[in-house]
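>>> could you look at this predicted model? Sequence included:
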Amino acid sequence: MSELRDRNLLYARLEEVLGAEPAGILMKQLPPENTVATRSDIERIEDHLRAHDARFDGIDTRLDGIDTRLDAVDGRFDAIDQRLGRVEQRMDRIDDRMDRLDDHMHDLHGAMREQTRNYIVANAGLMISLTGIAVGAAAVL
């Protein structure tokens, strides 16, 4: 039987059972004549799908390579973070040393001020003593 004849028989039977309008609606849902996929159509679609699968496999391989490179970059950043941590520790030690140096300089400044005050008082006392001796010697002469 031809496909057109089969469709006409089906429509006639549907029209008897369902009526003309429902039969027409149902027939519109069927694919048009000569639209059934053949084995060669399916094989061509399979070939296209295989080609797409191969492309996706290539993309997966590239993404794996990118992941590997990003892991290496992460490793480098971890190494840099460790180095920065060590530098930060060194800077903290230098800051502590600078604070101690500031304390020593403050102590030295105070000691110099005290020493200068003692020097001035001692020199003033010496000058007064020498003046007294000079006045006494002048009176004796």
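Perfect, I can see it now. Numbering: from 1, shown residues only.

>>> farthest residue from the center of the chain?
The outermost residue of the chain relative to its centre, with distances by C-alpha atoms, centre = their mean, is Leu141 at 96.4 Å.

>>> low pLDDT regions in the chain?
Within the chain, the segments meeting pLDDT under 70 span 1-2, 33-36.

>>> all helices of the chain, in order?
When assigned using DSSP state H, the helices of the chain occupy the ranges 3-18, 20-29, 39-140.

>>> take these and lay them out in CSV including mean neighbour count.
All C-beta atoms are positioned from the backbone trio N, CA, C, and that covers glycine. CSV is the format used below for those (neighbours: other C-beta atoms under 10 Å):
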stretch, mean neighbour count
helix 3-18, 12
helix 20-29, 12
helix 39-140, 10
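
>>> look up how far Met127 lies from the residue farthest from the centre of the chain.
Spatial separation of Leu141 from Met127 under the definition C-beta to C-beta, to the nearest Å is 21 Å.

>>> before we move on, what about Asp71?
If you measure Asp71 against Met127 using C-beta to C-beta, the figure is 83 Å.

>>> ok, now Ile133?
The gap separating Ile133 from Met127 is 11 Å, by C-beta to C-beta.

>>> state the phi and psi torsions of Gly19.
Gly19 adopts backbone torsions of phi 110, psi 170, taken as degrees, to the nearest 10.

>>> tell me the domain ranges of the protein?
1-36, 37-140 (automatic domain parsing).

>>> ok, Phe77 - contacts?
For Phe77, the set of contacting residues under the criterion of C-beta atoms under 8 Å, 6 or more residues apart in numbering is empty.

>>> I'd like to know how far it sits from Arg39.
Distance, Phe77 to Arg39, using C-beta to C-beta: 56 Å.

>>> same thing with Ala111?
Here the distance between Ala111 and Arg39 works out to 106 Å (C-beta to C-beta).

>>> same question for Gln82.
Between Gln82 and Arg39 the computed distance is 64 Å (C-beta to C-beta).
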